[in-house]
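> When you get a sec, could you give me coordinates for this:
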Amino acid sequence: MKTVLITGANKSIGFEAARQLLQQGYYVYLGSRDAQRGQQAVAQLRAEGLTQVELLTIDVTDSASIAAARATLGQKTPVLDVLINNAGISGGMSQPAVSTPIGTIKEVFDTNVFGVIEVTQAFLDLLRQSPAPRIVNVTSGLGSLTLHNDPSWKYYHVKGAAYAPSKAALNGYTIMLAYELRDTPFKVNAVDPGYTATDFNHHSGPGTVPDAAARLVKAATLGPDGPTSQFFSDDNLPGTDVSPW
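Here you go, the predicted model:
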């Protein structure tokens with residue numbers, strides 16, 4: 001049975017991705033910063049008959065928490081097949097470049113960038129034991145430098161000095177990581193789940209949580225001939241199948 005760790009999976013897209021992977025036969029370690037909320041999420045999935053799931057308490061901004069989570073998981077399984085770095089924060093809106101407090105920007109980067117890097121590095125040894133390891137970094141179209149310079153883009157005026165640059169940095173890290181692992185069975189990709197109606201955006205997005213989660217699951221379950229070092233998004237460049245970084 002393949003194993004997957006999903007950070008920030010106690011609600012919304014991460015929770016739905018857990019559900020969909022459980023339905024495909026994966027054993028899910030449901031990552032949650034809040035143990036009580038995580039246990040409630042696990043209980044809900046088990047009540048649906050999806051029993052191959054358990055909580056892994058992990059705060060991606062806390063090195064001690066990450067180390068403890070790695071030690072705990074290592075006692076449960078020698079192999080991790082999939083890591084979905086889903087935990088993220090927006091930092092609130094709006095975020096003017098001329099006035100957003102540096103503390104806000106640091107807080108967003110701590111979760112969206114540095115947290116992803118530290119979690120990935122902590123669990124990489126378990127992923128290396130898998131014959132087909134997959135890393136999925138959950139990003140956003142708002143992290144695309146190309147789109148932010150395109151006045152015709154539908155979200156051109158949605159700017160933010162903390163959130164968007166954090167996702168751009170995450171995209172960059174994804175490329176560097178994929179390059180270093182290019183001659184291995186790893187598939188490392190960044191996935192934009194789309195503008196989805198969740199607590200993250202006060203349920204303002206037009207997309208649905210199941211559709212968003214399915215995008216993560218698709219990248220998590222890529223076959224041996226699947227792509228790596230890619231940015232998956234519905235916001236493709238006009239007239240192409242290429243997603244803009």
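
> Run through who's touching the lengthiest helix in the chain.
Longest among the helix segments of the chain by residue count, using DSSP state H, is helix 163-180. Judged by C-beta atoms under 8 Å, 6 or more residues apart in numbering, the contacts made with helix 163-180 from elsewhere in the structure are 90-91, 95, 105, 108-109, 112-113, 116-117, 120, 135, 137, 139-140, 142-145, 148, 186, 188-190, 228-229, 231, 245. Every residue, glycine included, has its C-beta placed from N, CA and C.

> List only buried entries from those.
Of all these considered here, the ones buried according to neighbour count by 16 or more other C-beta atoms under 10 Å are 90-91, 95, 105, 108-109, 112-113, 116-117, 120, 135, 137, 139-140, 142-144, 148, 186, 188-190, 228-229, 231, 245.

> In strands, which of those residues appear?
Under the assignment DSSP state E, the buried ones among the contacts of helix 163-180 contribute 135, 137, 188-190, 231 to strands.

> Including distance to Asn85, could those residues go into TSV?
Compiled in TSV, these are given as follows (distance: C-beta to C-beta, whole Å):
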residue	distance to Asn85
Ile135	7
Asn137	5
Val188	10
Asn189	11
Ala190	9
Phe231	14
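
> how about the helices in the protein?
Taking DSSP H as the criterion, the chain carries its helices at 12-23, 35-47, 63-76, 102-109, 115-128, 145-148, 163-180, 209-220.

> Of the ones you listed, flag the one that's most buried.
Mean neighbour counts were compared across the helices of the chain using mean count of other C-beta atoms under 10 Å; the top stretch is helix 12-23, at a mean of 24.

> Mind checking the pLDDT average for it?
Per-residue confidence for helix 12-23 averages out to 97 on the pLDDT scale.

> Over to stretch 208-224?
Mean predicted lDDT for stretch 208-224 stands at 95.

> swap in stretch 128-145?
Rounded to a whole number, the mean pLDDT of stretch 128-145 is 97.

> And that stretch, end to end?
Counting by C-alpha to C-alpha, to the nearest Å, the length from the leading to the trailing residue of stretch 128-145 is 32 Å.

> on that earlier part again, go through the ones in strands among the buried ones among the contacts of helix 163-180 and say which is closest to Phe15.
Relative to Phe15, the closest of those is Asn137; by C-beta to C-beta it sits at 18.0 Å.

> Good, we can wrap up now.
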